[in-house]
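**Q** Everything below, folded, please.
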Amino acid sequence: MDADIAAALLLEIPNEFDQTAVEHRRIGPIAVKGQPFPGFNPAEHGPQQAPTIALAEEFSRLRQENLALLAQVTTADLDRRARHAEYGMVSMREFLHHWVGHDLMHTVQAERALLQPCIRGSGPWRVNYTDHLATGAEG
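**A** Presented below is the predicted three-dimensional model:
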């Protein structure tokens, strides 16, 4: 794997860790209490931790806790609403759609990063990948 791509992927891990921790804190208020819950601004969370095994393990732990919380969500919970600091009244259903979309967005970002060396080495076929070039990868 290209070193720049690996570095870009590793730099994203702390941001995703923060977001996973935030999603964990959001499920309870909207599903159980209907209380307001905050938005998420990565800039408010201080300097990013360097990726480590401990960070990956903590991410995994939080993800498992989130899955356990999601297993408790009922069909009736999907229509519960709470006030989001940025988006106003939202339902659990809307929030879960956002959460899955957010996770899939990171999958797409990782796939795009992994595709860059293939694009650079594809010679005349490179024209077929112009929609997939990462910013700054045109050279």
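
**Q** any chance you could map the helices in this structure?
**A** 3-28, 53-71, 92-120 (DSSP state H).

**Q** any weak-confidence spans in the chain?
**A** Low-confidence segments of the chain, defined by pLDDT under 70, are located at 1-51, 136-139.

**Q** one more time with 80, if that's ok
**A** 1-56, 59, 135-139 (pLDDT under 80).

**Q** got the contact list for V100?
**A** V100 makes contact with no residue under the criterion Cβ atoms under 8 Å, 6 or more residues apart in numbering. In short, each C-beta sits where N, CA and C put it, glycine included.

**Q** any idea how far it lies from W125?
**A** Per Cβ to Cβ, to the nearest Å, V100 is found 33 Å from W125.

**Q** ok, now A134?
**A** 17 Å.

**Q** Please identify which of these two sits among more neighbours.
**A** Legend: neighbour count by other Cβ atoms under 10 Å for A134 and W125, higher for A134 (15 against 10).

**Q** distance of the residue lying closest to the more buried one once chain neighbours are set aside from R81?
**A** In space, and not counting its chain neighbours, A134 is closest to Q116: 5.5 Å by Cβ to Cβ, 6 or more residues apart in numbering. Distance from Q116 to R81, counting by Cβ to Cβ: 42 Å.

**Q** In terms of neighbours, single out the busier of the two.
**A** Neighbour comparison, Q116 and R81: the larger count goes to Q116, with 20 against 15 (by other Cβ under 10 Å).

**Q** Tell me, how many residues neighbour N128?
**A** Burial of N128 is recorded as 10 neighbouring residues (other Cβ under 10 Å).
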